[in-house]
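Colleague: When you get a sec, could you give me coordinates for this:
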Amino acid sequence: MTTKKERTVIVTGAARGIGYAIAEEFVKNGDFVAIFDLNEEAAKSAAEKLGSAKGYKANVAKEASVKSAVEQVVADRGTVDVLVNNAGLQFISPTDEFPEEKWDLVVDVILKGTFLTTKHVLPAMKKQNWGRIITISSGHGRRPDKYKSAYVAAKYGQIGFTNVVAMENAEFGITANSILPGPTRTELIEKQLPVLAEKDGTSVEEALKTHIIGNQWLGRLLEPSEIAATALFLASDGAAAITGEALGVTGGE
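Modeller: Below you'll find the model as predicted:
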């Protein structure tokens with residue numbers, strides 16, 4: 001629950017997967033969602049399905065693109081109440097074979113993207129002395145895995161960055177927290193499994209157990225809706241005293 005009605009919520013990378021589920025949860029709550037995605041057509045299509053939403057083209061790794069998209073949202077809606085940093089991607093390779101351009105791409109989208117979107121929503125939040133910043137990190141933000149050096153580095157970095165933002169902006173009524181999802185049923189994981197199996201010389205089923213589910217207590221993939229419910233809670237009045245935290249939604253590990 002929140003006393004602010006029909007809040008303006010930006011969710012990055014929200015045309016599909018966890019981001020879409022988060023956008024859907026906020027729309028169901030009565031909020032308006034700005035869907036930021038590199039694929040403008042996909043963003044607009046997702047917004048049409050959701051109803052109380054609008055798609056915006058945004059390359060989160062480029063400051064000019066982020067600044068322009070945020071300015072459009074503020075022009076349309078007057079302010080930004082909630083930001084969910086969700087955009088991300090994956091590339092799998094042993095560290096000594098990791099291509100520099102792929103390292104830069106993964107880190108730029110995940111870590112630099114989190115910085116840029118946060119940087120450009122803060123003025124609107126400060127102006128109204130209220131805001132919620134939620135960063136979708138990963139269980140790999142506290143637990144490494146083979147072949148994912150860039151992803152793990154970026155996810156660890158998101159948590160540290162978010163905590164600094166929380167510290168700097170508490171006086172303005174702005175909270176900032178990270179969610180660390182465990183293995184979630186998304187296209188990202190589905191694409192990873194054959195690559196991991198090939199590198200290990202095992203089956204897809206064995207790769208799922210070794211790299212994805214591992215020692216997770218529930219022994220199953222999480223659903224995107226379970227991550228979305230946590231994001232909605234962190235944006236609620238009930239979470240007003242929670243800031244600078246990294247909340248695991250992992251299924252136990």
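Colleague: ok, which stretches of the stretch 101-250 of the chain are helices?
Modeller: 113-128, 149-169, 187-200, 204-207, 224-234 (DSSP state H, counting those that start in this stretch).
Colleague: Output these in JSON lines, with mean neighbour count appended to each entry.
Modeller: All C-beta atoms are positioned from the backbone trio N, CA, C, and that covers glycine. Output for the helices of the stretch 101-250 of the chain, formatted as JSON lines (neighbours: other CB atoms under 10 Å):
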{"stretch": "helix 113-128", "mean neighbour count": "20"}
{"stretch": "helix 149-169", "mean neighbour count": "20"}
{"stretch": "helix 187-200", "mean neighbour count": "15"}
{"stretch": "helix 204-207", "mean neighbour count": "14"}
{"stretch": "helix 224-234", "mean neighbour count": "20"}
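Colleague: mean pLDDT lowest for which of those?
Modeller: Ranked by mean pLDDT, the helices of the stretch 101-250 of the chain bottom out at helix 187-200, with a mean of 82.
Colleague: Now do that one: distance to the chain's middle.
Modeller: Offset of helix 187-200 from its chain centre (CA atoms, centre = their mean, to the nearest Å): 21 Å.
Colleague: Also stretch 160-172?
Modeller: 17 Å.
Colleague: middle-most residue in this structure, spatially?
Modeller: Asn86 (1.8 Å; CA atoms, centre = their mean).
Colleague: For that one, grab phi and psi.
Modeller: Here the main-chain torsion angles of Asn86 (degrees, to the nearest 10) amount to phi -120, psi -20.
Colleague: of all the helices of the stretch 101-250 of the chain, which lies closest to Gly51?
Modeller: The minimum distance between Gly51 and the helices of the stretch 101-250 of the chain falls on helix 224-234, with 16.0 Å, by CB to CB.
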